[in-house]
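J.: using only what follows, build the 3D model:
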Amino acid sequence: MKQMPQAESIKSRKEFEHFFKMHFDDMVRYAMKFVHRTDVASDIVQEAFVKLWELRERILVTVSIKAYLYKIIYNLSLNYIEQLKVHTQHHESMYSELIEMEVDYYKEEKSLLQEERMDLLRKMLRELPKGCYEVIDLSRFQGLKTKEIAHKLDVPVRTIETRIYRCITKLKELVRYA
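T.: Predicted structure coming up:
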C-alpha cells in the first residue's frame, strides 16, 4: 500500500528564518522571470514569505513548502503584471486626454491671437483712406482679383493696382509704429 506524502510545515520562527535565508535569492530570480525588475521581484518574494508565515498554522502543504511558495510568487507576479497593465492603460489614457486638451487650448489660443491680430489689422485698415480700405477688403479679405475689383468699382485695372500698392505701403507703416 502506497503511503500518502506527509504535510510539510515550518514549526518555529528559527526554521522559517533559515528557510527564508536559504531560498530568498532563488525565489527572487524566479520572480524576475515575470516582472523583470529586481526591486519588484524582491518585494513579491517578501510578500510571499509574509503570506506563508501568516498562514503557517492554517495551511496544509502536501507537496513542499518550496513548491507552495513558488506558486504564491507566480500568482503575485501575475497580479503585479495585471496591475501594471491597468496602470499603464490609465496613464496612456490620461496622457492622451492631456495632449488633446493642450491641442485644444493652443487652437483656441491661436485663434484668439489670430482674432486679435485681425481686429488690429481691420482697425488699421479703417484708418486708411476710404478707397484703400475698400480695395484691400475686396482684394485680401473677399479674394477678388484685380480685374474683378476694377470692374466692380468701374475704374481702370492700373488704378486698382496702384491703390493696392499704396494701401499696403501705408499699412506697413502703420504696423511698424503699432
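
J.: now Ile72: closest residue in space, sequence neighbours ignored.
T.: Taking Cβ to Cβ, 6 or more residues apart in numbering, and ignoring the residues beside it in sequence, Ile72 has Ala48 as its nearest neighbour in space, at 4.2 Å. (Glycine included, C-beta is placed from N, CA and C.)

J.: list the buried ones in the host helix or strand of that neighbour?
T.: Using DSSP states H and E, Ala48 maps to helix 38-55. Within helix 38-55, the residues that count as buried by 16 or more other Cβ atoms under 10 Å are Val40, Ala41, Ser42, Asp43, Ile44, Val45, Glu47, Ala48, Phe49, Lys51, Leu52.

J.: mind listing what the fifth one touches?
T.: Right, Ile44. Ile44 is in contact with Ala31, Val35, Ile73, Leu76, Ser77, Tyr80, counting by Cβ atoms under 8 Å, 6 or more residues apart in numbering.

J.: so what's the gap between the biggest helix by length in the chain and the chain middle?
T.: Secondary structure of the chain per DSSP state H: the longest helix is helix 65-127. Mean C-alpha position of helix 65-127 versus that of the full chain (Cα atoms, centre = their mean, to the nearest Å) differs by 3 Å.

J.: repeat for stretch 165-178
T.: 45 Å.

J.: pull out the buried positions in that stretch.
T.: The neighbour-count check on stretch 165-178 (16+ other Cβ under 10 Å) flags Cys167, Ile168, Lys170, Leu171 as buried.

J.: per-residue confidence at the third one?
T.: With respect to pLDDT, Lys170 has a value of 82.

J.: assess the claim that it and Tyr133 are in contact.
T.: No - with contact defined as Cβ atoms under 8 Å, Lys170 and Tyr133 do not form a contacting pair (10.5 Å).

J.: and the protein, what are its domains?
T.: Domain assignment of the chain by automatic domain parsing yields the ranges 13-94, 112-177.

J.: tell me the average confidence for the longest one?
T.: This points to domain 13-94. Domain 13-94 comes out with an average pLDDT of 88.

J.: between the two ends of that domain, how far is it?
T.: 47 Å (Cα to Cα, to the nearest Å).

J.: just checking the distance from it to the centre of its chain.
T.: Centroid separation between domain 13-94 and its chain, computed with Cα atoms, centre = their mean, is 31 Å.

J.: go on, the last one?
T.: On the basis of Cα atoms, centre = their mean, domain 112-177 is displaced by 45 Å from the centre of the chain it belongs to.
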